[in-house]
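> Let's see this in three dimensions:
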Amino acid sequence: MQKGMEKKMNRSDKIYVAGHRGLVGSAIVRSLREKGYTNIIGRTHKELNLTSQQEVTDFFVKERPDVVVLAAAKVGGINANNTAPAEFAYENLQIQCNVIKCCHDYGVKKLLFLGSTCIYPKMAPQPIPENALLTGPLEETNEAYAVAKIAGLEMCKFFKRQYGDDFISCMPTNLYGPYDNYDLQESHVMPAMIRKFHDAKVNGAGSVELWGTGTPLREFLYVDDMADACVFLLENYDGEQHVNIGTGKEVTIKELAETVKRVVGFEGDIVWNSEMPDGTPRKLTDVTKLHNLGWTHKIELEEGVQLAYDWFKENVQEARL
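The predicted structure is shown next:
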């Protein structure tokens, strides 16, 4: 496709969402359907191994998607990232290289690549603007994953610059909501708190222990808001620079815990184990660019926690415990 030849999305476009069953991908599928897109396809890992160049090529030759959302990745917590960095780098680079190159080779008219907050330097300015990328050393505990994601962002930029491909990237903040991971060994802070307070309430426990001091500041975005922003960008954005997706608001981990405790209805005490690590003191995205494009989040924290907890109670079998 020549530069300046970007085509608008149509409701009938065949849209391939890679990672359609995860927290992010499933929300994007829901949002697309709500907005009238009817031709959405997905493949499970068993059906399509995205690390296989041949399988990805065969898929694109057969399906010829018009639009691709790349929300599939090998992900994990600090422990997994620390113990298997080679796998995190290799598998994510394989997935990205295979999908992005096929999007170019088979004439995909729009690609959205999803990054992660870990792409930014460990000591990035707060709130973190998009141009903080590649301005300093990364956080060591997830460096391999971050390097792979940065490579994906940059590849989209280079294909756009060299060939005029309409490949865009976004960078969501901390997400939570339906189909999250509630396994206490692997989950992030929000689902871990929901699970802990729920279990304590059900079991009649007098207290819940949480890690750290409760002082770090974090930003949380309900996943359906993130998905709405992704579809907004697919429909309205064709810039070279990636776009932060977040609320631009932050709470302390202690304030988050009090909110989750209230929503769940747990009446015991919170015990902070200050022997455990706090992590980065503050992590907030600068969402000025997204606001200037015309999108802002709709779901505030307490409403989002209520929605997430309602889903958790109704879908315990699917909640990855």
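> Now do the same contact list for the closest residue to residue 248 other than its chain neighbours.
The shortest distance from residue 248 to any non-neighbouring residue, by C-beta to C-beta, 6 or more residues apart in numbering, is to residue 287 (4.4 Å). Backbone N, C-alpha and C define where each C-beta goes, glycine included. By C-beta atoms under 8 Å, 6 or more residues apart in numbering, the contact set of residue 287 is 127, 244, 245, 246, 247, 248.
> go on, residue 193?
Per C-beta under 8 Å, 6+ apart, neighbours of residue 193: 210, 256, 257, 260.
> Could you list the low-pLDDT ranges of the stretch 151-300 of the chain?
Counting by pLDDT under 70, the stretch 151-300 of the chain contains no low-confidence segment.
> those helices in it, which residues are they?
189-203, 223-236, 253-264, 288-293 (DSSP state H, counting those that start in this stretch).
> Which of those sits closest to residue 103?
For these, the distance to residue 103 is smallest for helix 223-236, at 13.4 Å, taking C-beta to C-beta.
> Show me what counts as buried in the closest one.
By neighbour count with 16 or more other C-beta atoms under 10 Å, helix 223-236 contains the buried residues 223, 224, 225, 226, 227, 228, 229, 230, 231, 232, 233, 234.
> Next, the contact list for the second one, please.
Pointing back at residue 224 there. 27, 30, 31, 177, 178, 299.
> gap between the residue nearest to residue 248 and residue 180?
Taking C-beta to C-beta, to the nearest Å as the measure, residue 287 falls 22 Å from residue 180.
> next one: residue 282
Taking C-beta to C-beta, one finds residue 282 at 23 Å from residue 180.
> Looking at those two, which one has more neighbours?
Taking neighbours as other C-beta atoms under 10 Å, residue 282 and residue 180 compare with residue 180 leading, 23 against 15.
> just how off-centre is stretch 302-316 within its chain?
Offset of stretch 302-316 from its chain centre (C-alpha atoms, centre = their mean, to the nearest Å): 18 Å.
> which outside residues touch it?
In contact with stretch 302-316 (C-beta under 8 Å, 6+ apart) are residues 176-178, 180, 182, 190-191, 194-195, 198, 220, 222, 225, 259-260, 262-264, 299, 319.
> switch the cut-off to 10 Å
Stretch 302-316 is contacted from outside by 176-180, 182, 190-191, 193-195, 197-198, 220-225, 247, 256, 259-265, 297-299, 318-319, 321, using C-beta atoms under 10 Å, 6 or more residues apart in numbering.
> circling back: who wins for proximity to residue 87 among the helices of the stretch 151-300 of the chain?
Going by C-beta to C-beta, the one of the helices of the stretch 151-300 of the chain nearest residue 87 is helix 189-203, 23.5 Å.
> Identify each buried residue in the closest one, please.
Across helix 189-203, burial judged by 16+ other C-beta under 10 Å covers 189, 190, 191, 192, 193, 194, 195, 196, 197, 198, 200, 201.
> Run the angle between it and helix 253-264 for me.
Per axes from the mean of the first three to the mean of the last three C-alpha atoms, to 10 degrees, the angle that helix 189-203 makes with helix 253-264 is 40 degrees.
> And stretch 239-255, how far out from the chain middle?
Distance, stretch centre to chain centre, for stretch 239-255: 12 Å (C-alpha atoms, centre = their mean).
> ok, now which ones touch residue 100?
Applying C-beta under 10 Å, 6+ apart, we find residue 100 in contact with 68, 70, 108, 111, 113, 151-152, 155-156, 158-159, 165, 167.
> Closest to residue 87 out of these?
residue 151 (15.5 Å).
> so where does the closest residue to that closest one other than its chain neighbours fall, helix or strand?
Closest residue to residue 151 apart from its sequence neighbours, by C-beta to C-beta, 6+ apart: residue 93 at 6.1 Å. Taking DSSP states H and E as the definition, residue 93 sits inside helix 85-105.
> So which bits of that helix are buried?
Neighbour counts using 16+ other C-beta under 10 Å place 85, 88-89, 91-104 of helix 85-105 among the buried residues.
> hang on, the earlier thing: report the two of the contacts of residue 224 separated the most.
Largest separation among those by C-beta to C-beta: 30 and 299, giving 13.5 Å.
> Need the overlap of contacts for the two.
223, 224, 228.
> Any idea how many residues pack against residue 83?
10.
> For residue 265, see how far away it is.
37 Å.
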